[in-house]
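**Student:** Need a 3D model of the sequence below.
(3 chains)
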Amino acid sequence: MTHFVLLLFLKNKGTVEFYTFINIGGTIAFAASGALAGIRKKLDIFGLAVMAFVTSVGGGTLRDILIGHLPVKWILDSSIVLLIAGVTLITVLFKNRIGRLDKTLAFFDSLGLGFFTLRGIQEGIAIHLDIPSCLILGTVTACFGGVIRDILLNEIPTLFRKEIYATACILGGVVFFLLQKTNISAQIIEFITILSVFGIRVIAMKMDISLPKID
Amino acid sequence: MTHFVLLLFLKNKGTVEFYTFINIGGTIAFAASGALAGIRKKLDIFGLAVMAFVTSVGGGTLRDILIGHLPVKWILDSSIVLLIAGVTLITVLFKNRIGRLDKTLAFFDSLGLGFFTLRGIQEGIAIHLDIPSCLILGTVTACFGGVIRDILLNEIPTLFRKEIYATACILGGVVFFLLQKTNISAQIIEFITILSVFGIRVIAMKMDISLPKID
Amino acid sequence: MTHFVLLLFLKNKGTVEFYTFINIGGTIAFAASGALAGIRKKLDIFGLAVMAFVTSVGGGTLRDILIGHLPVKWILDSSIVLLIAGVTLITVLFKNRIGRLDKTLAFFDSLGLGFFTLRGIQEGIAIHLDIPSCLILGTVTACFGGVIRDILLNEIPTLFRKEIYATACILGGVVFFLLQKTNISAQIIEFITILSVFGIRVIAMKMDISLPKID
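**Tutor:** I've put the predicted structure just below:
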């Protein structure tokens, strides 16, 4: 899978295609994780679709509300709604076999994390916010869909308790702003930012690193 | 009760009065259900008022935020706030006798469901959204007040687990859009849409039908 | 501590300084209470920062969304974000000794309650809302950060169950509007409003008064 992505990038059909690919891949991974979380809580099929939906577009929706970019984007273009409905259906149909896709989903989840962080930061820059606010928007975009999912499922959000997830977004965002002071081209900076978030997230998962708790 | 409504309609004082009647009846039914849910969770009187409030206006509020129709409507006109405060008080005073009103409340709840669905769809059409987004706005308007209520009461929203509720809104919305392709007048289409949601909801309740869960 | 505040006021360097003082003091108290609630639920350090943040700015954020004052204010000026991050860190470092600050924090929490209520009411007046809506905005500004905190921590919001908290805001707001009919100057009215909320809250705490529950 990794090979396929790199190939796609090297072929250099253009970064637009690459980003579209990550965007769709990330959306699918986020939606599938939402639907699976709903299945574990024994929701009905409508509930699963809502879970898939809020997990994948909830973060961007919250960002758009905070900065007043309304109507929210997904309501102006139904293709994403239909994509998520399709993912929900496929997740339900193949739920017993989806375990085999664990690694693929985690791969796209982490790649999506990087991409959505970048998107959030860029939305902040577009309206001239300062760096801390841009980092917040990046983190909200990438992580708060999962927070809304957990609230709806009546759990304390995982984001606040376990694993390096938001931290990867914040650190990746810091990399982004540090690189702004160099001569590196915008495209390369974007690519490195996504890879930073992706890399930190993957390393933290493999090494089972998490933030300290306070006792 | 049903007779009374039909009579009101047949008398044809105008559809405006009919819609005002459904709107107020639906708001009261939603508010009472919110207050009753709060009583079961032993909230204080302020908590009950908030529950009544979010249950009846929460869905429309979420819709208005998503499409950027701000300030939200109820803040510009306090009559709905005062109506809901009154319903809360009456629910508290007559909570032991309100069981007798179960059927009347369910009747207005289902009628309100249809009316609020229609309102949400029409808000979507007014800003030229496509059909799936209109269906989402209809469902959000009619159903997500209850979702906010359940979140505040620390429960997994009933909407995602039991009963045909959102499904009635979506199917009623589909009826609405199918009828757009006919020569039927707008008023009749609106009436049929409300009745469709109402009918599906009532039949599902009587026959105890619910969506499949995924095990 | 109380002496210090009164001194500051009597010195009359100007009400602006006084309000800045209450605003910052209230923000710190709200943030510390959020971080402490997060520690009790064993969140990690990122989770604590989010709790501190939503507790102190969540109410104002919800108000700004409802009235469409977007982007929300804290995203346009990072100083409040940095202040809250600092409070989180200090709360974590001194959590064992922060018990000694209980009274100071409660003092500023109650003062902040009054100040944020006033701010919410004034935002409502600025866009010509009627009195009930202004009271709602005051209460939302002062109290709903705590509601969001409790939802994220998977608890039924304290605000709906215990203590005189929202009631103090509503009553203080009523005092504000009653005084509008007198010849008292705007500044004095503002001061009395804050003191009313503060006083009701403090008396209710000392006398352990709470709203009636409905059984």
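
**Student:** For residue A:111, see how far away the residue nearest to residue A:105 when sequence neighbours are not counted is.
**Tutor:** In space, and not counting its chain neighbours, residue A:105 is closest to residue A:29: 5.0 Å by CB to CB, 6 or more residues apart in numbering or on different chains. C-betas here are computed from N, CA, C, even on glycine. From residue A:29 over to residue A:111 the distance is 8 Å, taken as CB to CB, to the nearest Å.

**Student:** cool, residue A:169 as well?
**Tutor:** Counting by CB to CB, the gap from residue A:169 to residue A:111 is 13 Å.

**Student:** What of residue A:151?
**Tutor:** From residue A:151 across to residue A:111, the span is 25 Å (CB to CB).

**Student:** Equivalent analysis for residue A:185, please.
**Tutor:** Distance from residue A:185 to residue A:111, by CB to CB: 21 Å.

**Student:** swap in residue A:22?
**Tutor:** 5 Å.

**Student:** swap in residue A:30?
**Tutor:** The separation that residue A:30 has from residue A:111, given CB to CB, amounts to 11 Å.

**Student:** who's more crowded, the two?
**Tutor:** Neighbours were counted for residue A:30 and for residue A:111 using other CB atoms under 10 Å in any protein chain shown; residue A:30 has more, 30 against 24.

**Student:** Before we move on, what's the pLDDT of the residue nearest to the spatial centre of chain A?
**Tutor:** Nearest to the geometric centre of chain A sits residue A:113, at 3.4 Å (CA atoms, centre = their mean). Among the per-residue scores, residue A:113 shows a pLDDT of 92.

**Student:** So it, which state does it fall into?
**Tutor:** helix (DSSP: H, G, I helix; E, B strand; the rest coil).

**Student:** And the one 10 residues further on, by the same measure?
**Tutor:** Under the three-state scheme (three-state DSSP), the conformation of residue A:123 reads as helix.

**Student:** and it, what is it in contact with?
**Tutor:** Residues near residue A:123 by CB atoms under 8 Å, 6 or more residues apart in numbering or on different chains: A:63, A:67, A:69, A:137, A:141.

**Student:** And it, how far from residue A:63?
**Tutor:** Look at residue A:123 and residue A:63: by CB to CB, they are 6 Å apart.

**Student:** where do the contact lists of those two overlap?
**Tutor:** Joint contacts of residue A:123 and residue A:63 (CB under 8 Å, 6+ apart) are A:69, A:137, A:141.

**Student:** Give me the phi and psi angles of the second one.
**Tutor:** So that's residue A:137. phi -60, psi -40 (degrees, to the nearest 10).

**Student:** just checking, it touches residue A:66?
**Tutor:** Yes: using CB atoms under 8 Å, residue A:137 is in contact with residue A:66, at 7.5 Å.

**Student:** Can you name the secondary structure element that comes next after the helix or strand containing residue A:37?
**Tutor:** If you go by DSSP states H and E, residue A:37 is part of helix A:15-40. Using DSSP H and E, the helix or strand that follows helix A:15-40 in sequence is helix A:45-67.

**Student:** other SSEs contacting that following helix?
**Tutor:** Contact here means 3 or more CB pairs under 8 Å, 6 or more residues apart in numbering or on different chains; DSSP states H and E; on that basis helix A:45-67 packs against helix A:15-40, helix A:73-76, helix A:79-93, helix A:102-126, helix A:131-152.

**Student:** okay, the angle between the fourth one and helix A:15-40?
**Tutor:** Between the axes of helix A:102-126 and helix A:15-40, defined by axes from the mean of the first three to the mean of the last three CA atoms, to 10 degrees, the angle is 120 degrees.

**Student:** and helix A:102-126, which residues are buried?
**Tutor:** Buried positions in helix A:102-126, judged by neighbour count with 16 or more other CB atoms under 10 Å in any protein chain shown: A:104-105, A:107-125.

**Student:** Quick one: name the residues of chain A near chain B.
**Tutor:** Counting by CB under 8 Å from any CB of the partner chain, the positions of chain A adjacent to chain B are A:38-39, A:41-48, A:50-51, A:61, A:65, A:68, A:70-72, A:75-76, A:78, A:81-82, A:92, A:95, A:151-154.

**Student:** Buried among those? Need that as a selection in ChimeraX.
**Tutor:** Those of the residues of chain A next to chain B that count as buried under 16+ other CB under 10 Å are selected in ChimeraX with:
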select /A:38,39,41,43,44,45,46,47,48,50,51,61,65,68,70,71,72,75,78,81,92,95,151,152,153
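
**Student:** which residues touch residue A:149?
**Tutor:** A:34, A:37, A:51, A:54, A:55, A:58.

**Student:** The last one reaches residue A:145, doesn't it?
**Tutor:** This means residue A:58. Yes: Residue A:58 lies in contact with residue A:145 (CB under 8 Å); the separation is 3.5 Å.

**Student:** Flag the shaky bits of chain A, pLDDT-wise.
**Tutor:** A:1-16, A:99, A:101, A:163, A:213-215 (pLDDT under 70).

**Student:** and if we set it to 50?
**Tutor:** Within chain A, the ranges that satisfy pLDDT under 50 run A:1-8.

**Student:** Kindly report the residues of it close to chain C.
**Tutor:** A:65-68, A:70, A:127, A:129-133, A:136-137, A:147, A:151, A:154-157, A:159-162, A:166-167, A:210-215.

**Student:** Please indicate which of these are buried?
**Tutor:** Among the residues of chain A next to chain C, those classed as buried by 16+ other CB under 10 Å are A:65-68, A:70, A:129, A:131-133, A:136-137, A:147, A:151, A:156-157, A:159-161, A:166-167, A:211, A:214.

**Student:** shared neighbours of residue A:137 and residue A:66, which are they?
**Tutor:** With CB under 8 Å, 6+ apart, residue A:137 and residue A:66 have common neighbours residue C:75.

**Student:** hang on, residue A:115 packs against residue A:23?
**Tutor:** Yes: counting by CB under 8 Å, residue A:115 touches residue A:23, with 6.1 Å between them.

**Student:** contacting residues for residue A:137?
**Tutor:** A:63, A:66, A:67, A:120, A:121, A:123, A:124, A:129, C:75.

**Student:** No more questions from me, cheers.
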